[in-house]
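S.K.: Here's a sequence, model it:
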Amino acid sequence: MPLIVDPLAPPVVPPTPAVSPDGWLTAVVDPVYAGVVLGVDYTAGTPLAGAADVRKIRITRLDPGAAGAVPVRSADSAWAIGGVGVAYDHEAPLGVAVAYSVVPTFADGTTGPTSSVSVTVPAPTPPADVWIKSIDTPDLAARVTVTAWPSLSWAARIDQADIAGSPFPVTSQDVYSAAASDITIDADGPAIEVVRELLTTPGVRLIQTIAGYHRPDMYVLLSDPAEGIDTTPAGARTFTAGVVQVERPSTAGQPLRMPGWSFDVVAGQYATFDAVAAAFSTFAALATNGAVS
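M.R.: Here you go, the predicted model:
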C-alpha cells in the first residue's frame with residue numbers, strides 16, 4: 001500500500017460550531033487533525049437545574065450504520081466540576097454525520113438529561129485521502145496519499161479431524177481473524193519525522209479514509225518498520241511496515257488529550273496565573289486553547 005504524505009495539502013476552513021438545542025453541548029471540528037473538540041456547559045442557555053452539583057460527564061458518539069453508540073475516549077467519563085467540561089475526539093469517521101450525546105452525573109450519583117448534537121468531520125480530498133493517527137497522541141498524525149491499495153487477508157480458523165469409515169472430516173469453524181496487510185509510505189520534508197515516529201513508537205494507530213472507498217476505519221498495530229532513502233539523504237524516504245488489525249482500545253478512564261495543548265504548554269507560554277486568566281475567560285477556553293468558549 002504505497003502512501004505519499006502531502007505536507008502541502010490546504011487546510012480546511014473551520015465550520016461554525018454546532019450546538020445542541022438546549023445550548024449545553026458544543027462540537028467544533030478541528031480540521032488540522034481531523035478531530036472534534038467537545039465542550040459541555042450546563043450553565044449556558046437555560047441552565048440545568050443543579051448545574052453546580054454536576055461532577056462528571058459521559059459523552060458517546062453514534063456513527064452511521066452502527067449498532068450502538070461508543071464512548072468518546074476522553075469522556076468515559078470526564079470531570080465537569082460546576083457543570084463545565086471538555087473532551088476531544090479524533091476517532092470520528094470522516095465525511096459522514098455523527099451524533100454526540102452527553103449525560104451529566106451529579107454529586108449524589110444520579111444522572112441528568114441527555115443533550116445531543118450532530119457534526120461532520122470533512123473527508124480528506126484526493127490525492128491525500130488517508131489519515132494515520134496515533135490513538136494516545138492526537139497530534140501525532142499524518143495525512144497521506146495511497147497510490148496502490150493493499151490486498152487484505154483474513155485467516156480462517158477451522159479445526160478438523162478424520163472420521164473412520166467416512167470420507168468427510170468432522171469440523172468446527174470460528175470467526176475469521178482480523179485483516180492483515182503491508183503498507184509502503186513515501187514521505188518528504190518534515191513529514192519524514194512524523195511518519196517515522198508513527199511507525200517506530202509503540203501504540204495502536206487508526207487508519208481512516210473516504211467512506212466511499214469501502215475501507216472501514218481500522219485500528220492497527222504496525223510491525224517490522226523499515227526506512228529507505230529514495231535518492232539522496234536530503235530527499236524523500238520510503239517506509240514499509242506490516243499491519244495487523246486490532247480491537248479498539250478501551251476508552252474507560254482515559255484522560256483529555258488535545259493536539260499541541262497541555263498544562264506544560266500553558267506553563268511555558270504564561271508566566272503567572274493572572275496572565276492565564278487574562279488570556280482565557282473560561283475554563284472551557286483554557287482547556288481547549290480557545291476552541292470552545
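
S.K.: can you pull the pLDDT of Leu3?
M.R.: Looking at Leu3, its pLDDT is 49.

S.K.: Could you tell me the end-to-end distance of stretch 243-250?
M.R.: Taking Cα to Cα, to the nearest Å, stretch 243-250 runs 20 Å from one end to the other.

S.K.: ugh, wrong one, stretch 282-293
M.R.: With Cα to Cα applied, stretch 282-293 spans 6 Å between its terminal residues.

S.K.: Now Gln173: closest residue in space that isn't a chain neighbour?
M.R.: Nearest residue to Gln173, sequence neighbours excluded (Cβ to Cβ, 6 or more residues apart in numbering): Ile158, at 5.0 Å. (Glycine included, C-beta is placed from N, CA and C.)

S.K.: Which elements pack onto whichever helix or strand Ala87 is part of?
M.R.: Per DSSP states H and E, Ala87 falls inside strand 84-89. Packing partners of strand 84-89 (3 or more Cβ pairs under 8 Å, 6 or more residues apart in numbering; DSSP states H and E): strand 35-41, strand 54-62, strand 70-79, helix 283-287.

S.K.: quick check: angle from it to strand 35-41?
M.R.: If you take axes from the mean of the first three to the mean of the last three Cα atoms, to 10 degrees, strand 84-89 sits at 170 degrees to strand 35-41.

S.K.: what angle sits between the helix or strand just after strand 84-89 and strand 54-62?
M.R.: Counting by DSSP H and E, the next helix or strand C-terminal to strand 84-89 is strand 97-106. Interaxial angle, strand 97-106 versus strand 54-62 (the same axes, to 10 degrees): 160 degrees.

S.K.: for the very next helix or strand once past strand 97-106, packing partners?
M.R.: Sequence-wise, the next helix or strand downstream of strand 97-106 (DSSP H and E) is strand 115-120. Secondary-structure packing of strand 115-120 (3+ Cβ pairs under 8 Å, 6+ apart): strand 18-19, strand 25-30, strand 97-106.

S.K.: contacting residues for the residue nearest to Gln173?
M.R.: Thr171, Ser172, Gln173, Asp174 (Cβ atoms under 8 Å, 6 or more residues apart in numbering).

S.K.: Pick the most buried one from the helices and strands packed on strand 115-120.
M.R.: Burial of these is given as mean neighbour count (mean count of other Cβ atoms under 10 Å); strand 25-30 ranks first at a mean of 23.

S.K.: strand partners of that strand, parallel vs antiparallel please.
M.R.: Take DSSP bridges as the rule and strand 25-30 pairs in its sheet with strand 18-19 (antiparallel), strand 35-41 (antiparallel).

S.K.: picking up where we left off before, which of the contacts of Ile158 fall in strands?
M.R.: Within these, residues falling in strands by DSSP state E are Thr171, Ser172, Gln173.

S.K.: so what's Gly112 closest to, chain neighbours aside?
M.R.: Residue nearest to Gly112 in three dimensions, not counting chain neighbours: Pro104, with 4.2 Å by Cβ to Cβ, 6+ apart.

S.K.: Look at that neighbour and report its pLDDT.
M.R.: pLDDT, Pro104: 97.

S.K.: can you check the one 3 residues further on too?
M.R.: According to the per-residue confidence, Ala107 scores 95 in pLDDT.

S.K.: Give me the spatial nearest neighbour of it, chain neighbours excluded.
M.R.: Using Cβ to Cβ, 6+ apart, the closest residue to Ala107 is Asp53 (4.8 Å).
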